[in-house]
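Q: Got a predicted structure here, sequence first:
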Number of protein chains: 2
Amino acid sequence: MRIVIVDDDVLVASALKTILEAEGDVKVAASGTDGKEAVRLYREHRPDVLLMDIRMREVSGLAAAEEILKEDPEARILFLTTFSDDEYIVKALKYGVKGYLLKQDYKSILPAVRAVCTGQTVFGTEITSKLPELLKEKQSFDYRAHGLSEKEYQVVSLVAEGLSNKEIAGELFLSEGTVRNYISDILDKLRLRDRTQLAVYYLTHTQNI
Amino acid sequence: MRIVIVDDDVLVASALKTILEAEGDVKVAASGTDGKEAVRLYREHRPDVLLMDIRMREVSGLAAAEEILKEDPEARILFLTTFSDDEYIVKALKYGVKGYLLKQDYKSILPAVRAVCTGQTVFGTEITSKLPELLKEKQSFDYRAHGLSEKEYQVVSLVAEGLSNKEIAGELFLSEGTVRNYISDILDKLRLRDRTQLAVYYLTHTQNI
DNA sequence: AGGTCAGGGTGATAAATGTCATATTTTTCA
DNA sequence: TGAAAAATATGACATTTATCACCCTGACCT
């Protein structure tokens, strides 16, 4: 396994090198201290895994990752950081970075590197526990809480699909006038003015967008 | 490392056992063939990692995972599956499952188990490549792509806040009639029928909900 | 039998919306 | 500079919406 390490803290870089090369099958091919170097070293060595700090002086690890992944979407990049940050995680994942873990957690670095090497994605503990949070759906529209009946709720959801009263009537087998009355009631209960506000309200209180 | 394996395919279970126990430090504490058993075996053995098939006859792995994680949020569960499925991934991650990978990919099973054991989260290759997709923000509403002018776009966004023509006119220092004309044009360009559909369209094509 | 309440309906009416044809004024630019 | 292309505006009109007052039916209660 050939690794490239990029970290602007030289101590960290050498510590990592020591930890990794303790294993017989791991070889640190090169190391650098800045995002720009990361790009250069990646091009030059095409390592199995690029271990990179996310915050660095000139060019950040994130920018470097973007650059590298644009050139080689198969690149296996593993971020190292001293703190976890939602924004970074999401951004990094969007780029296609293969992992993200904490420096402190030195015992987990080697398994993580191995896993990434087989093409998998790895997250550190702190980040993992936040994932469900990050992925959680928005609270869904609770019609009972607003005093809406089942039928009224159906009307609301159809309004939020852009249907006219006539269409809603057809859909629910009601007369157009009844639908009008329903909507009038609903607007009253929800303290809204017209169907457009109703659609907006529903859409912004529902996850399925 | 103590592992519990649950898979309704006995062949797979024993193959996994063989692969894992080839390593000196791994011990398969027990194995089962159904979600119900998974829950029981987890309670009984509290393994370092629970390796579980996601699709099983009676109680699915997903249901079992939910149950187990409710009792022990720290449980390290690693799903195994023969096919990848977006729905499952997202659901599993929401529950707090620690990983998800393909059975075929037997070389990556051991590193994955080790990584999960140190508390990390691991995804198989196929899933990883989908992650950016899953997390990608909704494509933002590109008004130029629809031939809308800057001003028309402003009108659209106000419609999508539920403002009336008069209010929009006031907001943009236009006459009400002009706003009406704008909206008429916009609806034409976007092939929509009324302002409610416009609001829905805008909201569903914008990420900031 | 009478009361009442929810679900569904009608019709009248006023306001808001959408369409169109037709100006007027600015901008832009060959 | 002069003409085309925008941005803005008006008025007339048809449609759709929203509100309201009232009606009918059937279930349920007592």
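A: Noted; the coordinates are in hand. Because the structure is a prediction, the values reported are computed rather than measured. Numbers count the residues shown, from 1 in each chain, chains lettered A, B, ... in the order given.
Q: residues from chain A in reach of DNA strand D?
A: Selection of chain A residues close to DNA strand D by Cβ under 7 Å from any atom of the strand yields A:164-166, A:177, A:180-181, A:183-184, A:187-188, A:193-196. For glycine as for every other residue, the C-beta is placed from the backbone atoms N, C-alpha and C.
Q: what's near enough to touch the residue of chain A at minimum distance from DNA strand D?
A: Residue of chain A nearest DNA strand D, by Cβ to the nearest atom of the strand: A:Asp194 (3.0 Å). By Cβ atoms under 8 Å, 6 or more residues apart in numbering or on different chains, the residues touching A:Asp194 are A:187, B:162, B:164.
Q: is the helix or strand harbouring the first one anywhere near chain B?
A: Going back to what we said before, that points to A:Leu187. For A:Leu187, the host element (DSSP states H and E) is helix A:176-190. No: on the criterion Cβ under 8 Å from any Cβ of the partner chain, helix A:176-190 is out of touch with chain B, staying 11.1 Å away.
Q: Buried residues, that helix. List them.
A: A:179, A:182-183, A:186-187, A:190 (16 or more other Cβ atoms under 10 Å in any protein chain shown).
Q: Equivalent analysis for stretch A:50-62, please.
A: In terms of neighbour count (16+ other Cβ under 10 Å), stretch A:50-62 has its buried residues at A:50-56, A:60-62.
Q: Could you do stretch A:147-156 as well?
A: A:148, A:152-156.
Q: Columns distance to DNA strand C and pLDDT on top of the contacts of A:Asp194, output as a markdown table?
A: Shown next, in a markdown table, are the contacts of A:Asp194 (distance: Cβ to the nearest atom of the strand, whole Å; pLDDT from 0 to 100):
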| residue | distance to DNA strand C | pLDDT |
| --- | --- | --- |
| A:Leu187 | 12 | 89 |
| B:Gly162 | 9 | 91 |
| B:Ser164 | 4 | 90 |
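Q: Just the closest of those residues to A:Asp8, please.
A: Using Cβ to Cβ, B:Gly162 comes nearest to A:Asp8 of those, at 49.6 Å.
Q: What helix or strand is the closest residue to the closest one other than its chain neighbours located in?
A: Residue nearest to B:Gly162 in three dimensions, not counting chain neighbours: A:Gln197, with 3.5 Å by Cβ to Cβ, 6 or more residues apart in numbering or on different chains. Using DSSP H and E, A:Gln197 sits in helix A:195-204.
Q: outside of that helix, which residues touch it?
A: A:141, A:156-157, A:159-160, A:162, A:183, A:186-187, A:190, A:192, A:209, B:159-162, B:195-196, B:199-200, B:203-204, B:209.
Q: Give me the buried subset of those.
A: Counted by 16+ other Cβ under 10 Å, these give A:141, A:156-157, A:159-160, A:162, A:183, A:186-187, A:190, A:192, B:159-162, B:195-196, B:199-200, B:203-204 as buried.
Q: For chain A, name the helix or strand with the lowest mean pLDDT.
A: Scoring the helices and strands of chain A by mean pLDDT, DSSP states H and E places helix A:125-135 at the bottom, with a mean of 66.
Q: What is the subsequent helix or strand relative to that one?
A: Counting by DSSP H and E, the next helix or strand C-terminal to helix A:125-135 is helix A:150-159.
Q: In whichever helix or strand comes after that following helix, which of the residues would be classed as buried?
A: For helix A:150-159, the succeeding helix or strand toward the C-terminus, using DSSP H and E, is helix A:165-172. Neighbour-count burial for helix A:165-172, counted by 16+ other Cβ under 10 Å, picks out A:165, A:168-169, A:172.
Q: May I see these organised as TSV, with distance to chain B and pLDDT added?
A: As requested, those are arranged in TSV below (distance: Cβ to the nearest Cβ, whole Å; pLDDT from 0 to 100):
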residue	distance to chain B	pLDDT
A:Asn165	11	92
A:Ile168	11	91
A:Ala169	16	92
A:Leu172	17	87
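Q: ok, so of the residues of chain A next to DNA strand D, who is nearest A:Arg114?
A: Looking across the residues of chain A next to DNA strand D and measuring by Cβ to Cβ, the closest to A:Arg114 is A:Thr196, at 55.1 Å.
Q: Quick check: the closest one vs A:Tyr182, distance?
A: According to Cβ to Cβ, to the nearest Å, A:Thr196 and A:Tyr182 sit 16 Å apart.
Q: if we can go back for a sec, just give me how far the helix holding A:Leu187 sits from the chain centre.
A: 40 Å (Cα atoms, centre = their mean, to the nearest Å).
Q: Show me what that helix is packed against.
A: helix A:150-159, helix A:165-172, helix A:195-204 (3 or more Cβ pairs under 8 Å, 6 or more residues apart in numbering or on different chains; DSSP states H and E).
Q: Go again with 6 Å.
A: helix A:150-159, helix A:165-172 (3 or more Cβ pairs under 6 Å, 6 or more residues apart in numbering or on different chains; DSSP states H and E).
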